[in-house]
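**Q** sequence-free structure coming up:
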């Protein structure tokens, strides 16, 4: 069973601060996705990383895939209240590209 | 395309009743997935279709749960004799071939409350 551990599970910060969320596994994934989910809604895809060591930037968000494709991080610079939400990492691999989700990191950005 | 569509968005039912949810995937996607998400948890895989064939089912999918995708387009998830423990958000996702592999796109979900 592929398991993904996310840390921290909860994060409350002031607007303007930086933060990093981690996603770790003992398994190798063919790709890894980061999603953001708001209450009562489905997860919305932010990024997909497929190559070990890959770094992708999406405005103030920087995503990195570990060299061994077992872990990933999400760094947010100068967080804004609109960044508030549940951030989920999801690793794809195995048959049919089945996706395994982490438990999520619940981020609250206080104005 | 408007993305993955799920109906209804919310369903309240009494214990013991049957419920059915519908998912319309992104039109060109041949793969469709159902997940269940409870409060404070990430989505948990339930089942997967490639076209009309149901190719994988999780152990979470008890015999009270059945999913179909009769024409390889929309899918339904039925729960018979609902129990309070079935209360959760039911998410549908679809995927199709891309340069980055089969990336899953999610619908807004159906929130089920069993009273």
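**A** Good, I have the coordinates. Source: prediction; values computed, not measured.

**Q** contacting residues around stretch B:33-49?
**A** If you take C-beta atoms under 8 Å, 6 or more residues apart in numbering or on different chains as the criterion, stretch B:33-49 is touched by A:43, A:88, A:90, A:96, A:98-104, B:23, B:31-32, B:54-58, B:60-61, B:65, B:67, B:69, B:72, B:75, B:77, B:87-95, B:104, B:109. Quick note: C-beta positions are derived from backbone N, CA and C, even for glycine.

**Q** could you flag which of the residues you listed are buried?
**A** Of all those considered here, the ones buried according to neighbour count by 16 or more other C-beta atoms under 10 Å in any protein chain shown are A:43, A:88, A:90, A:98-104, B:23, B:31-32, B:54, B:56, B:58, B:61, B:65, B:67, B:69, B:75, B:77, B:87-95, B:104, B:109.

**Q** In chain B, where is pLDDT below threshold?
**A** Along chain B, the parts satisfying pLDDT under 70 run over B:1.

**Q** Spell out which parts of it neighbour chain A.
**A** Chain B has residues B:4, B:6, B:31, B:33, B:35, B:40-45, B:48, B:50, B:55-56, B:91, B:93, B:95, B:100-109, B:111 near chain A, with proximity defined as C-beta under 8 Å from any C-beta of the partner chain.

**Q** Buried ones among those residues?
**A** Buried members of the residues of chain B next to chain A, scored by 16+ other C-beta under 10 Å, are B:4, B:6, B:31, B:33, B:35, B:42-45, B:48, B:50, B:56, B:91, B:93, B:95, B:102-109, B:111.

**Q** residues contacting residue B:22?
**A** Under the contact definition (C-beta under 8 Å, 6+ apart), the residues listed for residue B:22 are B:6, B:7, B:74, B:75, B:76.

**Q** Look up how far residue B:49 lies from the first one.
**A** If you measure residue B:6 against residue B:49 using C-beta to C-beta, to the nearest Å, the figure is 15 Å.

**Q** and if you look at the fourth one?
**A** From residue B:75 over to residue B:49 the distance is 6 Å, taken as C-beta to C-beta.

**Q** anything in contact with each of those two?
**A** In the contact map built from C-beta under 8 Å, 6+ apart, the residues linked to both residue B:75 and residue B:49 are B:32, B:67, B:69.

**Q** of these, closest to chain A?
**A** Proximity to chain A was ranked across the shared contacts of residue B:75 and residue B:49 by C-beta to the nearest C-beta; first place goes to residue B:32, at 11.0 Å.

**Q** Sheet-wise, list the partners of the helix or strand the closest one falls within with their directions.
**A** For residue B:32, the enclosing helix or strand under DSSP states H and E is strand B:31-37. Neighbouring strands of strand B:31-37 in its sheet, by DSSP bridges, are strand B:44-50 (antiparallel), strand B:88-95 (antiparallel).

**Q** who touches the longest one?
**A** What it means is strand B:88-95. A:42-43, A:97, B:4, B:6, B:21, B:23, B:25-26, B:29, B:31-38, B:43, B:75, B:77, B:102-107, B:109-112.

**Q** starting at the chain centroid, how far to it?
**A** Distance, stretch centre to chain centre, for strand B:88-95: 4 Å (C-alpha atoms, centre = their mean, to the nearest Å).

**Q** Check stretch B:95-110 too.
**A** Offset of stretch B:95-110 from its chain centre (C-alpha atoms, centre = their mean): 13 Å.
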